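pasting the sequence and the predicted model now:
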Amino acid sequence: MPQPDPVAFTLFGLEIRWYGVLIAIAVLTAFFLSIKRAPRRDIDPDDYFTVMIISVLAGFAGARLYYVIFSWEDYAGDLMEIFNTRGGGLAIHGGLIAAFLTAYFLCRHKKISFSDALDTAVPNIALAQAIGRWGNYFNSEAHGGPTDFPISVMIDGQSYHATFLYESLWCLFLFFLLSHIDKQRRFPFQTSLLYGILYSAERFCVEGLRTDSLMLGPLKQAQVLSLAVIAVCVVLYIYLSRKKDLPGKS
C-alpha cells in the first residue's frame, strides 16, 4: 500500500484532511444506523440522538485528553498544540470510556434503559471504528514495525505492518457478528460485553505490533487496559448470563 496524501481537498485555503473526513463519515454512519434501530427497543429516536451526539462530543474530548496525558512530554512546551487534532492524536480507549460514561448519565436522566441503548449502538460503534481506522493510513500513523508481509503500508520507502488495516477488518467483522447477536440478545449488556471481550482481544494482539503505542511505565497502556477490560467483561458476562437463567428470571 503506497504512502498516501493526507489532504483530501482544499476549501477556501484550508486543507481538509482525510483523517477528519473519515472520522465524520464514521460518526454519521453510526448515528444513522443506531437511530434506525432504536425503535426496535422502544427508544425514542429524538432522545437517542441527543444522548449519542453529546456522548460523541464527550468521546472526542476523552480521546484527546487520554492521548495528551500519556504523551504529555510532546505538549508541555506548547499547550496550544493540545487543541490541534487535525494531524491525529486521538486514543480510542479514552474516547470509549468518556462516551460510555456520558451516555450512562444521559440515559438515566432521560429514563432510557442504558443496556438497551448501549447494546443497540455497540455494533455500529465497531463499524465506525472500521471506517475511522483508515484515517491512520492517510496520516501514515498507527502502523507496526518493519515487515516483508505482502500486505503492508509503505512509508518513506520502508514497508510496515498495516495495523490500522488489521483492526479495520476485525471491527468490520465485529459489526456483522454483533448485529446478528444483538437481534437474538438473551440478556442485557450481552452485545456490549462481547464487544468489550472481542475488541480488546484484537487490540491486545495488534498493539504488540505497533511502534507508536502510548506507554504506562514499561508496558503498553492499551495492552494493560485491554486485559483489564477482558477480565471485567468475562466476569460480568458469566454473571449476567447465569442470572438470566435462574428460575423466575427472564
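On my side now, so go ahead.

CA atoms for contacts and neighbours, from now on please.
OK.

for this structure, what helix or strand is lowest in average pLDDT?
When the helices and strands of the chain are compared on mean pLDDT, DSSP states H and E, strand 215-216 comes out lowest with a mean of 72.

mind listing the strands the helix or strand that that one is followed by pairs with, and their directions?
Sequence-wise, the next helix or strand downstream of strand 215-216 (DSSP states H and E) is strand 219-220. In the sheet, strand 219-220 lines up against strand 215-216 (antiparallel) (DSSP bridges).

just the residues contacting the strand it pairs with, thanks.
Contacting residues not belonging to strand 215-216 are listed as 70, 221-222 [C-alpha atoms under 8 Å, 6 or more residues apart in numbering].

and if you look at stretch 146-153?
Residues outside stretch 146-153 that contact it (C-alpha under 8 Å, 6+ apart): 1-3, 137, 143, 158-162.

CA atoms of that stretch as PDB?
What follows is stretch 146-153, C-alpha atoms only, in PDB (Å, rounded to 0.1, in the frame of the first residue of the first chain):
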ATOM      1  CA  PRO A 146       9.100  -3.200   9.500                       C
ATOM      2  CA  THR A 147       7.800  -6.300   7.700                       C
ATOM      3  CA  ASP A 148       8.100  -8.300   4.500                       C
ATOM      4  CA  PHE A 149       4.400  -9.300   4.800                       C
ATOM      5  CA  PRO A 150       2.700  -9.000   1.300                       C
ATOM      6  CA  ILE A 151       0.000  -6.700   2.700                       C
ATOM      7  CA  SER A 152       1.900  -3.800   4.300                       C
ATOM      8  CA  VAL A 153       2.000   0.000   4.200                       C
END
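
so for it, what gets flagged as buried?
Buried positions in stretch 146-153, judged by neighbour count with 16 or more other C-alpha atoms under 10 Å: 146, 152-153.

which among the residues you listed gets closest to residue 241?
The closest of the buried residues of stretch 146-153 to residue 241 turns out to be residue 152 (C-alpha to C-alpha; 40.7 Å).

still on that earlier bit, identify the farthest-apart pair in the contacts of stretch 146-153.
Pairwise over the contacts of stretch 146-153, using C-alpha to C-alpha, the maximum falls at 137 and 158, 14.4 Å.

who has more neighbours, the two?
Neighbour count, other C-alpha atoms under 10 Å: between residue 137 and residue 158, residue 137 has more, with 25 against 13.

that one against residue 164, yeah?
Yes: using C-alpha atoms under 8 Å, residue 137 is in contact with residue 164, at 6.8 Å.

which of the contacts of strand 215-216 has the most neighbours?
residue 222 (22 neighbours).

you'd agree it is up against residue 205?
No: Residue 222 lies out of contact with residue 205 (C-alpha under 8 Å); the separation is 10.2 Å.

give me the buried positions along stretch 111-125.
Using 16+ other C-alpha under 10 Å as the test for burial, stretch 111-125 gives 112, 114-125.
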